[in-house]
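Sequence and predicted structure, then a few things I'm wondering about:
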Amino acid sequence: MSEPEIAAKQPITVTLEPGSYWWCACGRSKNQPFCDGSHAGTAFEPTEITVTSRGEYYLCACKRTKTPPYCDGSHENL
């Protein structure tokens, strides 16, 4: 499997309300860090995020995290 595209080399900070969201895993979305369907035709699928309380979240944009969709600092090794 090929590597996903790197959307950015730092996490994207978002404030989310309770609900479901789809995190882009391919790096192609123009709506980072969320999926816009740009993964069509690739081996990548978005990851569903279920938020239960309003808060600030650090979502991975380099797409190399070992804890998707959350940033784990992997971007520091790029």
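Okay, I see it.

Tell me who's in contact with the residue located most distally from the centre of the chain.
For the chain, the largest distance from the centre (CA atoms, centre = their mean) belongs to residue 53, which lies 18.8 Å off. Residue 53 is in contact with residue 18, counting by CB atoms under 8 Å, 6 or more residues apart in numbering. C-beta coordinates here come from the backbone N, C-alpha and C atoms, glycine included.

measure it to residue 33 for me?
Remark: distance between residue 53 and residue 33 (CB to CB, to the nearest Å) = 19 Å.

Residue 21 too?
Per CB to CB, residue 21 is found 9 Å from residue 33.

between those two, which one's more packed in?
The residue with more neighbours, out of residue 21 and residue 33, is residue 33; 26 against 19, by other CB atoms under 10 Å.

Settle this for me: that one is touching residue 25, isn't it.
No: Residue 33 is not in contact with residue 25 according to CB atoms under 8 Å; the separation is 9.9 Å.

what touches both of those two?
In contact with both residue 33 and residue 25: residue 69, using CB under 8 Å, 6+ apart.

quick revisit: how far away is the residue farthest from the centre of the chain from residue 43?
33 Å.

repeat for residue 29
From residue 29 across to residue 43, the span is 15 Å (CB to CB).

Counting neighbours, go ahead and name the busier of those two.
Shown here are residue 29 and residue 43; by other CB under 10 Å, residue 29 has more neighbours (20 against 10).

quick one: the more buried one from residue 22, how far?
On the measure of CB to CB, residue 29 and residue 22 end up 9 Å apart.

shared neighbours, those two?
residue 35.

what about residue 69, neighbour count?
Around residue 69 there are 24 residues (other CB under 10 Å).

OK, contacts around it?
Neighbouring residues of residue 69 by CB under 8 Å, 6+ apart: 23, 25, 33, 47, 49, 59-60.
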